[in-house]
Every structure is written in C-alpha cells, then in structure tokens.
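Colleague: Turn this into a model:
(4 chains)
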Number of protein chains: 2
Amino acid sequence: MTDALTINEAARTTGWSPRMLRYVERAGLLELRRSAGGYRLYGPAQLQRLRTLRELLARFEVGIAELGFARRLRNEPALARAIDEWFETEPARPESVAADDWLRWEQEKHQALLAAAETPRLEAA
Amino acid sequence: MTDALTINEAARTTGWSPRMLRYVERAGLLELRRSAGGYRLYGPAQLQRLRTLRELLARFEVGIAELGFARRLRNEPALARAIDEWFETEPARPESVAADDWLRWEQEKHQALLAAAETPRLEAA
DNA sequence: CAAACCTTGACATTTCCATGGTAAGGTGGC
DNA sequence: GCCACCTTACCATGGAAATGTCAAGGTTTG
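Modeller: Numbers count the residues shown, from 1 in each chain, chains lettered A, B, ... in the order given. Model (predicted):
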C-alpha cells in the first residue's frame, strides 16, 4: 500500500473507530487519497491531523458538528459578519452577569445527566 | 411594570413563544432585567435584539446552539485559536475537492430523510 | 485463488436540540 | 384578597448528531 495505512490500521494508531474515520471524512474535516480500488489511504499527514482533531474535540468539549459550523463561519463571510454584528450590537442594558452563564448551563446539563446516571452522589463525605 | 413588557407580551410582539424566550435567555443570547419578584422584563432593546435574532437564525439556517457556539468562540480565545490552527494546518496533500462537500452532505441528509418519509418514490417512471 | 480487509448502505441506539405542555407555587395590580 | 400572569422544574416528542453493527459485494496480496 505504498507507505499509507488502510482504515483499520489508521483507526488503531489514532484512537478513532473505523466508523468514525469515515464519518470524519464525510463531515468534510479530512481529505484522503484513495487506492485504485477505492480504499481510503491514510498518510502521516492525515494521521497527524486525526490525532490533533481528537485532542481538539476532547480538550474543549466540542463536537464534529460544531467544527463543521466553525468551518462554515470561515467559508461564509456573510454569516460571520452577521453574527458578529448581532453580538456587537448593544448587549442590552441590564447591568447583568451572563458571560459564563452558558458555560454554567452546559455544566449543569452534564451534571444532571451524570447525577441521574450515577449512584446517588454524596459530595460531603 | 415601569415601561417593560413581561414574557407573554414580549412573546406576542416578537414572534417567539414564551417557552423559547426562556430558552434564548438560558442559552446566554439575551440578558434581561428582572422585577423585584423575579419576572423577566423586556425593554425595547431586548425586543429589538429578539427580532434581529429571529431574522439571523432564519436567514442563515442557524440554530440557537450554534449561536451559542459562536459566542463561545468569541469568549474563549484559546478555543478559537485552536480551531483556527487546526483548519490552517496543511489540509493534507490529496489534491482533493471537498470545500463544499459538507454542504452537499447536509443536502443529502435531507433528501434521504424526505425520500424515506414520502410515499415510495419512483424516479424512473 | 482464498483469506483478510475494504466499500457503501441501511438499521439501531444514545444523547442532544428545539419545542410544547403541565404542575406547584410566588407576584402584581386593582 | 383575587385572579391573571410569572417562575422554575419536569415530562414529552421529533429530528439530528455520534456511534455501533451487519450485509452484500469488491480489493489486496501471499
């Protein structure tokens, strides 16, 4: 296979499942060479990209779909501009907090789920 | 109510449902004043912001969660940087196409769904 | 050629997003 | 004090995202 790995090998060395490797490609986040017969070929560059992608998603709790949106933002200036304008526009008067409110929300969602899933949690032990 | 509208009134004049008004606030896309007793108070600024938000979402087929992500991008420079770097990094050698591949994908998804939902489709009549 | 591996496509599951309700209990203004 | 309206919390539904798995059929390579 002239220097490149096939999907299962790539999966093993990157931590992604073969299924997800196909998904990632489909999502437009990775371009691949193909063998004459259509096999996906993963070269060093692709493997590296997959590893960093993995880190990125994990480190910031971001999803592939969100990356896709980020991509959209950089390919659709009109969108980016419109959104920027919207955020720029007078965040409205209330001398409020907010800012990291969304973060707190996300956490709560997770905590709620975890709490529901785990054995009743007693923080104060 | 000193000049501000309560949630149902705001809903009527902005086209959002009360439910969604709470959701939008929760998503961190709008800050509100509250009455002493905790009622959400919508002033002219907030109402305007809600209307433009509505347009924005409709015009670009964007969701509230995605806006939330856009917000995250501007509040979390580390994230923005990381993503930028990732996209910048050598899109990998294959002299490929891609670019609008993601768009095509989204379309296909819809088509697939529609096809499945509709009466058995016979293209070749 | 045969065994091992790959391809696409379809179905299944889990979690999340976008919304709508509903219940139990405060708030507000007349 | 009442009645209408608001609040939070929780349950529910439909669709999309993220993954897994299986089937039918090519590809690779010893």
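Colleague: which sections of chain A are below the confidence cut-off?
Modeller: A:1-2, A:90-125 (pLDDT under 70).
Colleague: What segments of it are strands?
Modeller: With strands called from DSSP state E, chain A shows them at A:33-34, A:40-41.
Colleague: Show me the one of the ones you listed that comes nearest A:R19.
Modeller: Closest to A:R19 of those, according to C-beta to C-beta: strand A:40-41, at 12.5 Å. C-beta coordinates here come from the backbone N, C-alpha and C atoms, glycine included.
Colleague: List the neighbouring strands of that closest one plus their orientation.
Modeller: strand A:33-34 (antiparallel) (DSSP bridges).
Colleague: All the helices of chain A, in order from the start?
Modeller: Along chain A, counting by DSSP state H, helices occupy A:7-14, A:18-26, A:44-60, A:64-75, A:77-88, A:101-117.
Colleague: In JSON lines, list those helices along with mean neighbour count and distance to B:I64.
Modeller: Output for the helices of chain A, formatted as JSON lines (neighbours: other C-beta atoms under 10 Å in any protein chain shown; distance: least, C-beta to C-beta, whole Å):
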{"stretch": "helix A:7-14", "mean neighbour count": "16", "distance to B:I64": "33"}
{"stretch": "helix A:18-26", "mean neighbour count": "16", "distance to B:I64": "24"}
{"stretch": "helix A:44-60", "mean neighbour count": "16", "distance to B:I64": "19"}
{"stretch": "helix A:64-75", "mean neighbour count": "18", "distance to B:I64": "12"}
{"stretch": "helix A:77-88", "mean neighbour count": "14", "distance to B:I64": "12"}
{"stretch": "helix A:101-117", "mean neighbour count": "12", "distance to B:I64": "11"}
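Colleague: Using JSON lines, please lay out these together with distance to B:S17.
Modeller: Shown next, in JSON lines, are those (distance: least, C-beta to C-beta, whole Å):
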{"stretch": "helix A:7-14", "distance to B:S17": "44"}
{"stretch": "helix A:18-26", "distance to B:S17": "34"}
{"stretch": "helix A:44-60", "distance to B:S17": "32"}
{"stretch": "helix A:64-75", "distance to B:S17": "25"}
{"stretch": "helix A:77-88", "distance to B:S17": "20"}
{"stretch": "helix A:101-117", "distance to B:S17": "19"}
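Colleague: which stretch among the ones you listed comes nearest DNA strand C?
Modeller: helix A:7-14 (3.3 Å; C-beta to the nearest atom of the strand).
Colleague: quick one on the thing from earlier: export the helices of chain A to JSON lines and tack on distance to chain B?
Modeller: Output for these, formatted as JSON lines (distance: least, C-beta to the nearest C-beta, whole Å):
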{"stretch": "helix A:7-14", "distance to chain B": "13"}
{"stretch": "helix A:18-26", "distance to chain B": "6"}
{"stretch": "helix A:44-60", "distance to chain B": "5"}
{"stretch": "helix A:64-75", "distance to chain B": "5"}
{"stretch": "helix A:77-88", "distance to chain B": "5"}
{"stretch": "helix A:101-117", "distance to chain B": "3"}
